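Peer 1: here's my sequence, what's the structure:
(one chain, ligands or ions: 1)
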Amino acid sequence: RFSTAAALEDLIVPPVQIAYTQNLIDGKFVDAASGKTFPTYDPRTGDVIANVAEGDAEDIDRAVAAARKAFDEGPWPKMTPYERSRIMLRFADLVEKHSEELAALETWNNGKPHEQSAKSELPMFIRLFHYYAGWADKIHGLTVPADGLHHVQTLHEPIGVAGQIIPWNFPLIMFAWKVGPALACGNTIVLKTAEQTPLTALYVAKLFHEAGLPPGVLNVVSGYGPTAGAALASHMDVDKVAFTGSTDTGKIVLELAAKSNLKPVTLELGGKSPFIICEDADVDKAVELAHFALFFNQGQCCCAGSRTFVHERVYDEFIEKAKARALRRVVGDPFRKGVEQGPQIDTEQFEKVLRYIRAGIESNATLECGGDRLGTKGYFVQPTVFSNVMDDMLIAKDEIFGPVQSILKFKDIDEVIRRANNTRYGLAAGVFTKSVETASTLTRALRAGTVWVNCFDVFDAAIPFGGYKMSGIGREKGIYSLHNYLQVKAVVTPLKNPAW
Ligand code: TXE
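Peer 2: Alright, predicted model coming up:
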């Protein structure tokens with residue numbers, strides 16, 4: 001039932017050239033200081049598509065020096081907010097003009113369906129920069145009614161040089177979530193991309209300079225985590241670090257920040273989000289939404305609805321239909337029209353997903369469908385559904401980050417609240433019900449940074465996103481994201497006449 005071998009044998013050639021592979025430091029493309037490069041791959045085949053400059057501590061040093069200079073000497077933080085906003089809007093226009101190449105490059109390097117890159121992620125990227133450009137001239141402090149004979153006000157100032165480390169699952173969107181608020185607030189940036197997906201960030205950073213961004217304001221370094229990433233997190237001249245990735249690496253980043261200069265850290269980490277289908281649910285709709293909640297982006301979403309809790313009254317019908325839907329899922333060359341699922345990002349992630357599938361089978365969960373790789377090359381995995389999943393099974397506890405749906409049965413609301421919250425994560429949750437009371441009870445009780453009611457994965461530039469518990473620290477997007485990139489300065493001035 002899968003769209004298989006034929007589609008995978010005859011791959012579509014991506015309609016884009018790879019123009020930028022060097023690091024972008026101080027407004028110029030440069031080789032790595034060591035002269036080294038590393039390969040970046042096409043996940044459809046595992047073939048190398050380009051060799052990219054391999055940045056390490058030395059390149060991070062150079063990039064931080066450029067960002068420091070651009071911050072301390074300007075012009076970026078000293079420009080009027082309106083001028084910054086104009087450059088960000090011009091950048092968004094240029095991205096729009098280059099959308100076709102960027103969507104092709106995103107899919108080529110990441111493996112996500114081209115329709116998703118072109119119709120959803122590029123428009124969202126542009127929307128995010130419009131949103132943050134709008135904030136640039138609306139950031140202001142307060143006057144404070146303090147006791148005593150003083151006039152008190154706060155200035156909201158940029159924090160300085162921001163170090164940003166992003167993952168590979170949404171290379172462009174993660175760029176926008178990090179770079180947008182930092183630039184709107186007047187900071188300068190050193191961004192380290194994920195080693196799997198360096199290409200689109202270099203392309204858009206080049207467009208930013210064409211739009212008028214001064215040199216040194218946005219520096220992009222490609223490279224590995226333990227070298228380039230760690231150097232950025234521990235750099236004494238970086239004033240703030242923002243990270244998205246695994247919980248284990250998040251802990252390392254926090255430790256490096258603490259051990260160096262105590263820079264503030266925001267973290268957006270892993271998840272094991274519950275998606276709760278109540279007894280009054282329209283089963284067909286619930287199946288479709290739960291399927292989307294888990295399988296979207298090859299299951300490579302930090303907020304994936306990866307524990308599907310189904311009320312016992314609708315459980316059997318749900319399983320039957322969830323299995324049928326997974327079997328209908330179209331897997332294949334992500335450049336082909338109608339393909340819903342491309343390959344996993346790389347061999348590590350592919351092996352990890354298959355390992356969890358084996359663990360599910362060994363722990364006696366019922367394998368309803370899938371369970372293996374698809375085809376013989378690249379990193380394609382069959383859409384997989386497990387039923388009869390118990391809370392203590394590995395597949396119910398760990399973040400699999402792949403197309404593997406785990407379905408669990410529940411009896412009543414109190415029980416499902418307790419079980420849904422029984423996790424070290426708390427990124428997101430989904431609730432599916434016709435009852436307002438049930439929805440309100442669940443949304444209050446669930447310990448997660450986002451609760452989607454009768455919907456899932458609704459992302460919007462204005463909606464804050466982030467985790468409770470070990471899913472992270474801080475919020476991205478929306479007004480909340482600006483706080484990550486601002487310092488508050490209290491200014492206290494004596495009054496001459498106490499009466500005033
Ligand atoms: O993550 P890492 P990986 C989860 C998901 C996935 C697992 C492992 O479960 O299977 O993490 O993926 C940089 N100092 N998520 O190995 O290592 C690295 O170069 C500083 C969830 O890709 O966290 C990359 O840029 N930086 C997630 C970024 O951290 C370091 C998205 C993420 O890589 C570093 C991705 C170090 N010592 C994976 N080591 C989400 N929350 O969306 C690595 N990095």
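
Peer 1: CA only for contacts and neighbour counts going forward, please
Peer 2: Noted.

Peer 1: return the residues of the protein in contact with the ligand.
Peer 2: Residues of the chain that fall close to the ligand, judged by Cα under 6 Å from any ligand atom: 165-167, 169, 193-195, 224-226, 229-230, 244-246, 249, 252-253, 268-270, 301-302, 349, 399-401.

Peer 1: where helices are concerned, which of the residues you listed count?
Peer 2: Secondary structure from DSSP state H places 230, 249, 252-253, 349 of the residues of the chain next to the ligand in helices.

Peer 1: buried ones in the helix or strand where Leu207 lies, by neighbour count?
Peer 2: For Leu207, the host element (DSSP states H and E) is helix 199-210. Burial within helix 199-210, assessed by neighbour count using 16 or more other Cα atoms under 10 Å, is assigned to 199-209.

Peer 1: report the helix or strand with the lowest average pLDDT across the protein.
Peer 2: In the chain, the helix or strand scored least confidently by mean pLDDT, DSSP states H and E is helix 5-9, which has a mean of 57.

Peer 1: ok, back up a step: export the buried residues of helix 199-210 to a markdown table and tack on distance to Phe292?
Peer 2: Output for the buried residues of helix 199-210, formatted as a markdown table (distance: Cα to Cα, whole Å):
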| residue | distance to Phe292 |
| --- | --- |
| Leu199 | 27 |
| Thr200 | 25 |
| Ala201 | 27 |
| Leu202 | 30 |
| Tyr203 | 30 |
| Val204 | 29 |
| Ala205 | 32 |
| Lys206 | 34 |
| Leu207 | 33 |
| Phe208 | 33 |
| His209 | 37 |
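
Peer 1: so where's the chain shaky on pLDDT?
Peer 2: Across the chain, the ranges flagged by pLDDT under 70 are 1-9, 498-500.

Peer 1: centre-most residue in it?
Peer 2: Met174 (4.8 Å; Cα atoms, centre = their mean).

Peer 1: could you check how far it is from Phe275?
Peer 2: Noted for Met174: a distance of 24 Å to Phe275, by Cα to Cα, to the nearest Å.

Peer 1: kindly provide the distance from Lys112 to Arg447.
Peer 2: Relative to Arg447, and taking Cα to Cα, Lys112 is found at 30 Å.

Peer 1: burial measure for Glu96, as a count.
Peer 2: 15 (other Cα atoms under 10 Å).

Peer 1: please apply the same query to the one 3 residues further on.
Peer 2: Ser99 sits with 19 neighbouring residues when counted by other Cα under 10 Å.

Peer 1: spatially nearest residue to it (excluding sequence neighbours)?
Peer 2: Nearest non-adjacent residue to Ser99, counting by Cα to Cα, 6 or more residues apart in numbering: Leu122, 6.4 Å away.

Peer 1: quick check: buried residues in the helix or strand hosting Ala258?
Peer 2: Element membership of Ala258 [criterion: DSSP H and E] is helix 247-259. By neighbour count with 16+ other Cα under 10 Å, helix 247-259 contains the buried residues 247, 249-250, 253-254, 256-257.

Peer 1: closest to Lys411 among those residues?
Peer 2: Nearest to Lys411 among the buried residues of helix 247-259 is Thr247, at 31.4 Å by Cα to Cα.

Peer 1: who touches the residue lying closest to the closest one once chain neighbours are set aside in this structure?
Peer 2: With Cα to Cα, 6+ apart as the criterion, Thr247 has its nearest non-adjacent residue at 5.1 Å, and that residue is Leu269. Leu269 is in contact with 244-247, 250, 302, 467, 470-472, counting by Cα atoms under 8 Å, 6 or more residues apart in numbering.

Peer 1: any idea how far Arg424 is from Leu269?
Peer 2: From Leu269 to Arg424 the distance is 11 Å (Cα to Cα).

Peer 1: what do those two both touch?
Peer 2: With Cα under 8 Å, 6+ apart, Leu269 and Arg424 have common neighbours 470-471.

Peer 1: returning to that earlier point: are any of the residues of the chain next to the ligand buried, and which?
Peer 2: Applying 16+ other Cα under 10 Å to these flags 165-167, 169, 193-195, 224-225, 229-230, 244-246, 249, 253, 268-270, 301-302, 349, 399-401 as buried.
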